[in-house]
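Asks: Turn this into a model:
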Amino acid sequence: MASTPWPCATATSTARGRIRTARRAWSRSDYVYVTDVADATWRAATQALPAPALLDARAFNVGTGVATSVVRLAEVLRDAARSDVGIEYAPKRPGEQQESYVDVTKAARQLDWQPTVSLEEGLARTYGAFAALRAVGASSTRSH
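Replies: Numbering: from 1, shown residues only. Here you go, the predicted model:
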């Protein structure tokens, strides 16, 4: 099971200069960076695994093991953008899960895996990649 990739699942920037969250402010989830997920997947695909005797013998939780609030996620995203825009939190939705994070002990033990990219670094990389794509898109529209 992989935790929530960021930031698309939880926070989006709006044209009105705010960050709008898709979840309630104090909801907490485990956000893991994509290269950490890829590394865990590669390790699981290339290492000897236990015999499939039990249903979950070859299943691994992939995440950070840390529950991060939507407030913190939005603040880190705003910092990555070097912005002071406001943050608009979504209201509570019926049935919305309030906290979700995974125990990565089994992946650490059997795959010799642990996440290496922090929330701050991952969001900075993600924001930088989207900013670069936006700049390329803006320059290509000017050249036509």
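
Asks: CA atoms for contacts and neighbours, from now on please.
Replies: Fine.

Asks: so where is the protein shaky, pLDDT-wise?
Replies: The chain contains residues with pLDDT under 70 at 1-17, 22-23, 138-144.

Asks: Dump the host helix or strand of residue 43 to PDB, keeping only the CA atoms.
Replies: In this assignment (DSSP states H and E), residue 43 forms part of helix 34-46. Below are the C-alpha coordinates for helix 34-46, written out as PDB (Å, rounded to 0.1, in the frame of the first residue of the first chain):
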ATOM      1  CA  VAL A  34       7.400   9.300  -5.800                       C
ATOM      2  CA  THR A  35      11.100   8.300  -6.000                       C
ATOM      3  CA  ASP A  36      10.700   6.600  -2.600                       C
ATOM      4  CA  VAL A  37       7.700   4.600  -3.900                       C
ATOM      5  CA  ALA A  38       9.700   3.700  -7.000                       C
ATOM      6  CA  ASP A  39      12.700   2.500  -4.900                       C
ATOM      7  CA  ALA A  40      10.500   0.400  -2.700                       C
ATOM      8  CA  THR A  41       8.800  -1.100  -5.700                       C
ATOM      9  CA  TRP A  42      12.100  -1.900  -7.400                       C
ATOM     10  CA  ARG A  43      13.400  -3.600  -4.200                       C
ATOM     11  CA  ALA A  44      10.300  -5.700  -3.900                       C
ATOM     12  CA  ALA A  45      10.600  -6.700  -7.600                       C
ATOM     13  CA  THR A  46      14.300  -7.600  -7.400                       C
END
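
Asks: Where do the strands of the chain begin and end?
Replies: 11-13, 18-21, 28-29, 68-69, 86-88, 99-100 (DSSP state E).

Asks: Can you say which of the ones you listed is packed in most?
Replies: Ranked by mean neighbour count under mean count of other CA atoms under 10 Å, the strands of the chain are led by strand 28-29, which reaches a mean of 22.

Asks: any idea how far residue 71 is from the closest residue to residue 70 other than its chain neighbours?
Replies: Spatial nearest neighbour of residue 70, excluding adjacent residues (CA to CA, 6 or more residues apart in numbering): residue 25 at 5.1 Å. To residue 71, residue 25 is 5 Å away according to CA to CA, to the nearest Å.

Asks: that older thread, who touches the residue nearest to residue 70 in this structure?
Replies: 69-71, 89-90 (CA atoms under 8 Å, 6 or more residues apart in numbering).
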